[in-house]
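Colleague: Coordinates only, no sequence provided:
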């Protein structure tokens with residue numbers, strides 16, 4: 001009781017107790033590389049201090065014992081060579097371990113590369129400024145702010161001579177994060193710095209995204225001083241994937257899920273897709289000609305959780321790219337002159353797809369421009385790694401915890 005009272009009220013006594021504990025911890029970490037007699041000497045000095053502490057000896061006597069123990073520790077326990085670098089390395093390893101653990105079990109960053117979930121989540125989009133009357137590329141500081149805050153980049157290439165665009169080189173990295181791409185116009189090479197990038201298509205490493213957005217083709221002629229490329233490119237949304245939630249429950253109808261593609265036939269392997277879950281195991285799913293899902297005989301509409309915006313569209317309005325339009329089957333897409341590839345079960349509203357046990361169905365919100373379960377069917381539920389979480393960049397109207 002006296003020991004506890006003194007420890008609580010006497011700061012010097014408490015410091016001596018803490019020092020005794022720290023010496024024993026230090027000795028435990030170093031005794032494997034010390035001589036037995038050195039370990040014994042330190043333990044004896046530490047035992048002497050412990051006896052004085054337990055007896056609640058006068059603070060002067062305790063300080064003398066602390067000083068004797070300290071002298072012994074300093075003389076016998078040598079510091080590791082390059083101890084500062086060792087400490088930095090240990091801290092870095094701990095930080096990396098924590099980051100990897102968080103990425104594996106809690107959250108994982110992901111970039112939306114395509115337009116299949118628009119307008120809920122945006123992939124990379126481009127605007128051809130050559131077709132936008134009066135819109136010019138802003139100054140340097142405005143471009144920096146647009147790029148770092150809003151994810152907007154500008155790309156401008158002007159013809160330096162008359163001639164045809166006869167060749168395009170693949171982007172080259174000349175320094176970390178610095179790329180260039182060359183265009184051969186009229187026999188003269190033109191350089192575009194920081195060209196827009198996209199996913200490789202069919203193994204083709206040459207990036208033609210700038211040409212596609214600019215509506216430019218090989219063989220096209222240009223006059224000196226004419227804009228070849230004048231683009232405004234918005235990066236895809238970056239979000240955190242909630243990897244924790246599905247460890248405690250199954251995914252629910254209408255939630256936006258992220259899943260790995262490895263082992264799913266017809267998909268690019270070794271990557272991640274993001275879609276909206278539209279069918280759980282053993283559900284009977286069909287798509288009505290009115291562009292609404294029917295799950296187990298129930299028509300899904302805007303009153304159902306997670307479908308409030310998807311089915312909030314005006315059925316009298318015609319299709320507009322990147323706007324909510326419900327979901328289309330093969331018949332409806334054909335009527336809109338967009339014959340999409342469909343697996344059996346989505347030909348028309350009378351067709352029904354039966355989801356296999358432990359499998360799910362997923363579709364994109366951009367129904368006319370989404371490669372999803374209508375084309376490659378259901379997949380194993382264990383492929384799901386998490387749920388859509390916080391959109392952390394760029395800053396836009398979608399910057400939030402959005403579970404729409």
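Modeller: That came in fine, so what should we check first? Keep in mind the model is a prediction, meaning the values are calculated, not measured. Residues are numbered from 1 along each chain as shown.

Colleague: how close does residue 154 get to residue 235?
Modeller: Using CB to CB, to the nearest Å, residue 154 is found at 12 Å from residue 235. Bear in mind the C-beta positions are built from the backbone N, C-alpha and C, glycine included.

Colleague: again, but for residue 274
Modeller: Residue 274 sits 15 Å away from residue 235, going by CB to CB.

Colleague: Ok, residue 110 next?
Modeller: Taken as CB to CB, the span from residue 110 to residue 235 is 13 Å.

Colleague: I'd like to check which residues are in contact with the residue nearest to residue 188 when sequence neighbours are not counted.
Modeller: The shortest distance from residue 188 to any non-neighbouring residue, by CB to CB, 6 or more residues apart in numbering, is to residue 161 (5.2 Å). Contact analysis of residue 161 by CB atoms under 8 Å, 6 or more residues apart in numbering lists 185-188, 224.

Colleague: Let's verify residue 161: helix, strand, or coil?
Modeller: Three-state assignment for residue 161 (DSSP: H, G, I helix; E, B strand; the rest coil): coil.

Colleague: Just the pLDDT for it.
Modeller: At residue 161, the pLDDT value in this model is 92.

Colleague: Equivalent analysis for the one 4 residues further on, please.
Modeller: pLDDT, the model's per-residue confidence, is 90 for residue 165.

Colleague: And for residue 208?
Modeller: If you check residue 208, the pLDDT there is 66.

Colleague: Comparing residue 274 and residue 235, which residue is more hemmed in?
Modeller: When neighbours are counted by other CB atoms under 10 Å, residue 274 and residue 235 differ, and residue 274 comes out ahead with 26 against 20.

Colleague: Give the bridge partners for that one, please.
Modeller: Beta-bridge partners recorded for residue 274 (DSSP bridges): residue 258.

Colleague: Derive a ChimeraX selection command for the buried subset of the contacts of residue 161.
Modeller: Remark: buried members of those, expressed as a ChimeraX selection using 16 or more other CB atoms under 10 Å:
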select :185,186
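
Colleague: Dihedrals phi and psi, residue 379?
Modeller: Here is the backbone geometry of residue 379 (degrees, to the nearest 10): phi -150, psi 160.

Colleague: again but with residue 173, I slipped
Modeller: Given degrees, to the nearest 10, the pair of backbone angles that residue 173 has is phi -90, psi 110.

Colleague: which residues sit in contact with the closest residue to it other than its chain neighbours?
Modeller: Distance criterion CB to CB, 6+ apart; nearest residue to residue 173, sequence neighbours excluded, is residue 179 at 5.3 Å. When contacts are counted by CB under 8 Å, 6+ apart, residue 179 is found next to 171-173, 193-195, 197.

Colleague: do the same with residue 379
Modeller: Contacts for residue 379 (CB under 8 Å, 6+ apart) come out as 259, 264, 359-360, 362, 373.

Colleague: got a markdown table for the contacts of residue 179, with pLDDT and distance to residue 388 too?
Modeller: Listed next are these as a markdown table, based on pLDDT from 0 to 100; distance: CB to CB, whole Å:
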| residue | pLDDT | distance to residue 388 |
| --- | --- | --- |
| 171 | 83 | 30 |
| 172 | 85 | 35 |
| 173 | 86 | 31 |
| 193 | 88 | 34 |
| 194 | 86 | 29 |
| 195 | 84 | 30 |
| 197 | 67 | 24 |
